[in-house]
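>>> Everything below, folded, please.
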Amino acid sequence: MEKNMLVGIIVLLLIVVSFAGGFYNIGKEISNLPVETLSASETNGLLQMREEEKLARDVYLTLYDTWGIQIFYNIARAEQIHMNIIKSILDKYDIQDPITDYTIGVFNNEKLEKLYFDLIAESKNSVIDALKVGAEIEDLDIYDLDMFLKETDNQDIKLVYNNLKSGSENHMRAFMSQLDRYNATYTARYITNDKLQKILNEKNNDIDN
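As a prediction, the model looks like this:
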């Protein structure tokens, strides 16, 4: 079976399997919260995070295919759940989904598409580089989620962003733990190193993604 076809099958399996487990719990919470007025910045934030979670999923699937390390597959599965959670908010507010093609590396947001290929290039030399790319993606996610949380007062969006942020912090701890096994580390590019250290000192959040 050709590699691209195999990765495509994995993507489809992730989409189906990710609707099991914790997604339904938060999906129910989202639907129970009131519909509130959306600002332009709230809408733009949701659109960006929908594709930013796809960026994470796509990179991790590509790195899993390249290096065969289970952490990349496991977190790619979590990122698909994150994508589903954002999609539930888009549907609730009748916002058009920016993702029209689930193919790995394809994005409506040109900056994210460029970032995908830049990150893949960064990850090619070694497993350590690949793990650092994982940490960099979570770094970016946490930074953006913190920013978007400041720009919204909608209860349902705050619920979603806080859930995604908890997941990203768990993922960051996982990647940093793997890097530690190689006597390697990662220096934050988006959040501060003080914030990174605070995250690493905390325990994993009790969530399903």
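
>>> For stretch 114-130, buried residues please.
Buried residues in stretch 114-130, counted by 16 or more other Cβ atoms under 10 Å: L115, Y116, L119, I120, S123, V127, I128, A130. The way it works is simple: take the backbone N, C-alpha and C, and place the C-beta from them, glycine included.

>>> Which helix or strand contains the fourth one?
Right, the one you point to is I120. helix 110-122 (DSSP states H and E).

>>> Give me every residue in contact with that helix, excluding its own residues.
48, 51-52, 54-55, 58-59, 62-63, 105-107, 129, 132-133, 136-137 (Cβ atoms under 8 Å, 6 or more residues apart in numbering).

>>> could you dump that helix to CSV, C-alpha only?
The C-alpha trace of helix 110-122 is given here as CSV (Å, rounded to 0.1, in the frame of the first residue of the first chain):
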residue,chain,number,x,y,z
GLU,A,110,-1.8,30.3,3.8
LYS,A,111,0.3,31.1,6.8
LEU,A,112,-0.6,27.8,8.5
GLU,A,113,0.1,25.9,5.3
LYS,A,114,3.6,27.5,5.1
LEU,A,115,4.1,26.7,8.8
TYR,A,116,3.2,23.1,8.1
PHE,A,117,6.0,22.7,5.6
ASP,A,118,8.4,24.7,7.6
LEU,A,119,7.8,22.4,10.7
ILE,A,120,8.2,19.3,8.6
ALA,A,121,11.5,20.6,7.3
GLU,A,122,12.6,21.3,10.9
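
>>> about what we covered before: now, of the contacts of helix 110-122, which are buried?
48, 51-52, 54-55, 58-59, 62-63, 107, 132-133, 136-137.
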